[in-house]
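Enquirer: please work out how this folds:
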Amino acid sequence: MSARSTDDTAVILPTVSSKAQDDEGYSIDSQEKMLQGYCQKNGLPVVKIFKIAESASKEQSRKVFHELLDYMRKSKVRHLVVEKTDRLTRNLRDAVAINDWLEDDATRRLHSVKESLLLHKEAR
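Expert: Presented below is the predicted three-dimensional model:
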């Protein structure tokens, strides 16, 4: 049996932006478990987990976001899995960066689990 290519793998990004979200069941751990379950159900082995917690500074959060994008580009991971799109993009620059990542390769996918969205270059 051949090894699975990195094209078939996923990166997940659990995030919380406030203590209140953490208290309301949006904890990093519960999101990670949900995202891992989604990937397992959909045959997407998770190769890396990036986390952004409410305790992270804005600068630290952006650093993690850019590390995520750099990692996905360099390692040729095609699938990014998040709970909801509003947890991924915190400003217009982030939205543009994710859009550019999707536009650069028609095989890339953004999975938004709770919104039941699968975004890609050809998505309407």
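Enquirer: the helix of greatest length in the chain packs against which elements?
Expert: When the chain is parsed with DSSP state H, its longest helix is helix 58-75. Helices and strands in packing contact with helix 58-75 are listed as strand 10-13, strand 46-49, helix 92-103; criterion 3 or more C-beta pairs under 8 Å, 6 or more residues apart in numbering; DSSP states H and E. (C-beta placed from N, C-alpha, C; glycine too.)
Enquirer: quick one: name whatever helix or strand follows the worst-scoring helix or strand of the chain on mean pLDDT.
Expert: Ranked by mean pLDDT, DSSP states H and E, the helix or strand of the chain with the weakest confidence is helix 19-23, at a mean of 53. Downstream of helix 19-23, the first helix or strand assigned by DSSP states H and E is helix 28-41.
Enquirer: name the helices or strands packed onto that next one?
Expert: Using 3+ C-beta pairs under 8 Å, 6+ apart, helix 28-41 sits against strand 10-13, strand 46-49, strand 79-82.
Enquirer: how distant is the first one from the center of its chain?
Expert: Same thing as strand 10-13. 5 Å (C-alpha atoms, centre = their mean, to the nearest Å).
Enquirer: repeat that for stretch 32-50.
Expert: 10 Å.
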